[in-house]
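**Student:** build me a model:
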Amino acid sequence: MDTLIPTVSSIAVSGSPAPGDASVAFTATFNKPVINISTDDFTLIGTGTASGTISSVSASTGSSVNVNVSGITGTGTIKINLNGSTNIADSVGNGPPASFNSGGTHTVAVPVAPGAPTGATATAGNAQASITFAAPASNGGSAISTYNAVASGGGGQTGYCTGPTACTITVPGLTNGISYSFNVTATNSAGLTSPAATSNNVTPQGHADHYLCQSRRPATTSAPHPR
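**Tutor:** This next block holds a predicted model:
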């Protein structure tokens, strides 16, 4: 008669998931086929800010099952432990297996949205403005793809330039004589900066306005040349 209590041989990361993946699987291998496997038989252990949820197991019976982890966030490592008190047993009722906590780990580095650009400075032009800024101190763990500027005080005109380094954004379509400021954001694979950096106010002026201002200057007169 079989009296051998089942044990866990290993718990290993399945495949080669990337650090930024939001879901991974761990393969739990037993020394013999078992039954009554469920998600609450396992505990997810994280280090740093890494976390996730054990969402499912691939089967309730067998000698090898995948324990699926989803909703992974943060930075650090995660692993799966088998709990010590479960209803896992073999086909004749031997069990439960002893706890197991020496499985493999998965490195987690899930990107987040970048920090806000700083030092946004706008310079007015003819029906447009140019905005310069400094790149965020943190890119959120993923290269910044674009920087965007949105005009306030008008029709929400926008402009962009390509990251990852800071660049100059030109926002066209502005109305001369109207004051604008600009909200500057950065975007990476995880999303958009929040909050945005806000520039100074500027008022675009057309060339005709410039010449009109020049023509309105008082005329200068010369004193009569002494005879």
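
**Student:** just for the chain, where's the confidence low?
**Tutor:** For the chain, the stretches with pLDDT under 70 are 154, 207-227.

**Student:** what about 80?
**Tutor:** Scanning the chain for pLDDT under 80 picks out the ranges 1, 153-155, 207-227.

**Student:** grab the most central residue of it for me.
**Tutor:** When Cα atoms, centre = their mean is applied to the chain, the residue found nearest the centroid is residue 112 (2.3 Å).

**Student:** which residues sit in contact with the closest residue to that one other than its chain neighbours?
**Tutor:** Closest residue to residue 112 apart from its sequence neighbours, by Cβ to Cβ, 6 or more residues apart in numbering: residue 140 at 4.4 Å. No exception for glycine: its C-beta is placed from N, CA and C like everyone else's. With contact set as Cβ atoms under 8 Å, 6 or more residues apart in numbering, residue 140 has these partners: 111-115, 188, 190.

**Student:** any idea whether residue 151 is helix, strand or coil?
**Tutor:** The three-state assignment at residue 151 reads strand, by DSSP: H, G, I helix; E, B strand; the rest coil.

**Student:** so what's the residue count around it?
**Tutor:** When neighbours are counted by other Cβ atoms under 10 Å, residue 151 registers 25.

**Student:** could you check how far it is from residue 160?
**Tutor:** Plainly put, residue 151 is 13 Å away from residue 160 if you go by Cβ to Cβ, to the nearest Å.

**Student:** then residue 144?
**Tutor:** Residue 144 is 12 Å from residue 160, by Cβ to Cβ.

**Student:** sec struct for the residue nearest to residue 112, please.
**Tutor:** Under three-state DSSP, residue 140 falls in the coil class.

**Student:** need the phi and psi values for it.
**Tutor:** Main-chain dihedrals, residue 140, degrees, to the nearest 10: phi 80, psi 10.

**Student:** where's it relative to residue 193, distance?
**Tutor:** Taking Cβ to Cβ, one finds residue 140 at 9 Å from residue 193.

**Student:** which neighbours do the two share?
**Tutor:** Joint contacts of residue 140 and residue 193 (Cβ under 8 Å, 6+ apart) are 113-115.

**Student:** top of those by neighbour count?
**Tutor:** residue 114 (29 neighbours).

**Student:** any idea which element the residue nearest to residue 47 when sequence neighbours are not counted lies in?
**Tutor:** With Cβ to Cβ, 6+ apart as the criterion, residue 47 has its nearest non-adjacent residue at 4.2 Å, and that residue is residue 76. Residue 76 is located in strand 75-82, with elements delineated by DSSP states H and E.

**Student:** which residues touch that strand?
**Tutor:** Under the contact criterion Cβ under 8 Å, 6+ apart, strand 75-82 has outside partners 8, 11, 24, 26, 28, 41-52, 54, 67, 69, 72, 97, 99-101, 103-110, 141.

**Student:** just stretch 186-197 next, same as before
**Tutor:** Stretch 186-197 is contacted by residues 110-120, 133, 135-136, 139-148, 150, 163, 183-185 when judged by Cβ under 8 Å, 6+ apart.

**Student:** how about a cut-off of 7 Å?
**Tutor:** Residues from elsewhere that reach stretch 186-197 (Cβ atoms under 7 Å, 6 or more residues apart in numbering): 111-118, 120, 133, 136, 139-140, 142-148, 163, 183-185.

**Student:** out of those residues, list just those in strands.
**Tutor:** 118, 120, 133, 146-148, 183-185 (DSSP state E).

**Student:** that'll do, ta.
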